[in-house]
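Engineer: sharing a model prediction with you, sequence too.
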4 protein chains.
Amino acid sequence: MPKKVLVDISVEPIGTSSTSLSPYIKKVFDVLDRLGIKYYPSPSMTTLELDDITKLGYILKEINDELERMGVKRIVALIKIDDRRDKENSIEHKLEVIKR
Amino acid sequence: MPKKVLVDISVEPIGTSSTSLSPYIKKVFDVLDRLGIKYYPSPSMTTLELDDITKLGYILKEINDELERMGVKRIVALIKIDDRRDKENSIEHKLEVIKR
Amino acid sequence: MPKKVLVDISVEPIGTSSTSLSPYIKKVFDVLDRLGIKYYPSPSMTTLELDDITKLGYILKEINDELERMGVKRIVALIKIDDRRDKENSIEHKLEVIKR
Amino acid sequence: MPKKVLVDISVEPIGTSSTSLSPYIKKVFDVLDRLGIKYYPSPSMTTLELDDITKLGYILKEINDELERMGVKRIVALIKIDDRRDKENSIEHKLEVIKR
């Protein structure tokens, strides 16, 4: 049975005239909400919990299309994927690991 | 018309007993060859030139499935995406930019 | 006046025989505590708030030396730096931005 | 004896009005040349070969200070570190691994 994949994403719009990233970050959250994807925002990156990694490209296209509609002409995205094949992974598990 | 997207990828197998990454890197190249994807290997990451970003998740699944067949039980992948909406991007263009 | 720099870090030990990352993550927290560095753990990466970016290499060396003492022979670290020159940045500000 | 550390870097200027990254990439090369650091540019990131990882923060500060002089008010940098403790690493070794 396929297991969940955790995907951290961060988008950096290039060539906007403002140094503020907040409106773009909020737009990313809107897209994830619309697509019904479970996610956990953090200061560094946003963690997505995907049932199926093959959806990732489609999600990124939806995000970047929305950013383009906001006027962004170049988007650099940083992504970190954690694909465990030995046991089920989840945002909850990761939160447990970092609990101090 | 949709434009090409450049995607840099790097995979880190976790929990193998060896510090060598070479066999896994060669396997990634094999998968990319089999899928007919244009790519440029470099010491840091491998740059893929994709016609369509929606394919990315499928490509990653193919890579990780092959690594699992090699015995890897957890794969961390680092990905950087460069999605220009203002003009066509390409590996050749990027190589031109870094020419000294 | 120099401004704070936010640095997200994630370490991936290569060549350990276990897929578990928890003990290494906890060790990173221990090092940061010992060095007196302000940080915020999240599922994706740990965000450090540094007064001075020139300290970063020293911090990474301390972390990797400790991981080597745990038996790790190769460490891949992923780092994202946010260096604002126009206004003061902070973990608190970033938490405010992602508040839903 | 301390071993060399390979550090891949990529800088993304935020809030410039242009989508072109070339002038900033060339400036990074200029700084690395001035500091006498061995590096290998590639389409994805630039690989630095450092004798001592503790220098990294200082190098990043030099780069970001130069970018600020060019008018950049916020710099996001992506960095991947490969710190082997079992054997000597080098740009030449990595180039050998990716040879097709």
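Structural biologist: Received it, and whenever you're ready, just let me know what you need.
Engineer: using the three-state scheme, assign the residue of chain A most remote from its centre.
Structural biologist: Here chain A reaches farthest from its C-alpha mean at A:Arg100, the gap being 24.7 Å by Cα atoms, centre = their mean. Secondary structure, DSSP: H, G, I helix; E, B strand; the rest coil: A:Arg100 is coil.
Engineer: gap between it and C:Leu6?
Structural biologist: 19 Å (Cβ to Cβ, to the nearest Å). C-beta: built from backbone N, CA, C; applies to glycine.
Engineer: could you do A:Lys73 as well?
Structural biologist: A:Lys73 is 26 Å from C:Leu6, where distance means Cβ to Cβ.
Engineer: kindly report the same for A:Pro23.
Structural biologist: Distance from A:Pro23 to C:Leu6, by Cβ to Cβ: 19 Å.
Engineer: try A:Leu35
Structural biologist: From A:Leu35 across to C:Leu6, the span is 28 Å (Cβ to Cβ).
Engineer: between these two, who's got more neighbours?
Structural biologist: Neighbours were counted for A:Leu35 and for C:Leu6 using other Cβ atoms under 10 Å in any protein chain shown; C:Leu6 has more, 23 against 14.
Engineer: let's see the pLDDT reported for A:Met2.
Structural biologist: Careful, residue A:2 is Pro; it's not Met. We have a pLDDT of 75 for A:Pro2.
Engineer: now do the contacts for it.
Structural biologist: Applying Cβ atoms under 8 Å, 6 or more residues apart in numbering or on different chains, we find A:Pro2 in contact with A:Asp51, A:Asp52.
Engineer: for it, give its distance to A:Pro41.
Structural biologist: 25 Å.
Engineer: in chain A, mark out all the strands, start to finish.
Structural biologist: Using DSSP state E, the strands found in chain A span residues A:5-14, A:38-41, A:46-50, A:74-84.
Engineer: now render those as JSON lines, adding distance to C:Asp65 and mean pLDDT.
Structural biologist: Below are the strands of chain A laid out as JSON lines (distance: least, Cβ to Cβ, whole Å; pLDDT from 0 to 100):
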{"stretch": "strand A:5-14", "distance to C:Asp65": "26", "mean pLDDT": "97"}
{"stretch": "strand A:38-41", "distance to C:Asp65": "31", "mean pLDDT": "98"}
{"stretch": "strand A:46-50", "distance to C:Asp65": "29", "mean pLDDT": "98"}
{"stretch": "strand A:74-84", "distance to C:Asp65": "24", "mean pLDDT": "97"}
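Engineer: with respect to B:Lys80, which of those strands lies nearest?
Structural biologist: For B:Lys80, the closest of those is strand A:74-84, at 5.7 Å, according to Cβ to Cβ.
Engineer: just checking, what packs against the closest one?
Structural biologist: strand A:5-14, helix A:56-69, helix B:56-69, strand B:74-84 (3 or more Cβ pairs under 8 Å, 6 or more residues apart in numbering or on different chains; DSSP states H and E).
Engineer: go ahead and flag the most central residue of chain A.
Structural biologist: Mean-position check on chain A, Cα atoms, centre = their mean. Result A:Ile9 at 3.7 Å.
Engineer: with adjacent residues omitted, what lies nearest to the closest residue to chain C within chain A?
Structural biologist: Closest residue of chain A to chain C, Cβ to the nearest Cβ: A:Ser42 (3.2 Å). Counting by Cβ to Cβ, 6 or more residues apart in numbering or on different chains, A:Ser42 lies nearest to C:Ser42, which is 3.2 Å off, once chain neighbours are set aside.
Engineer: what residues does chain A put near chain C?
Structural biologist: Within chain A, the residues that sit near chain C (Cβ under 8 Å from any Cβ of the partner chain) are A:6, A:8, A:10, A:19, A:21-22, A:25, A:29, A:40-47, A:78, A:80, A:84, A:86-87, A:91, A:94-95, A:97-98, A:100.
Engineer: about what we covered before: pretty sure the residue farthest from the centre of chain A sits against C:Thr46.
Structural biologist: No. At 11.1 Å, A:Arg100 and C:Thr46 do not qualify as touching, with contact defined as Cβ atoms under 8 Å.
Engineer: so what sits against both of the two?
Structural biologist: Shared contacts of A:Arg100 and C:Thr46 (Cβ under 8 Å, 6+ apart): C:Phe29.
Engineer: mind listing what A:Arg74 touches?
Structural biologist: Contact analysis of A:Arg74 by Cβ under 8 Å, 6+ apart lists A:Pro13, A:Ile14, A:Gly15, B:Asp82, B:Asp83, B:Arg84, B:Arg85, B:Asp86, D:Thr19.
Engineer: so which of these wins on neighbours?
Structural biologist: B:Asp83 leads the contacts of A:Arg74 on contacts (other Cβ under 10 Å) with 27 neighbours.
Engineer: look up how far A:Met45 lies from that residue.
Structural biologist: The gap separating B:Asp83 from A:Met45 is 17 Å, by Cβ to Cβ.
Engineer: do A:Lys80 as well
Structural biologist: From A:Lys80 to A:Met45 the distance is 7 Å (Cβ to Cβ).
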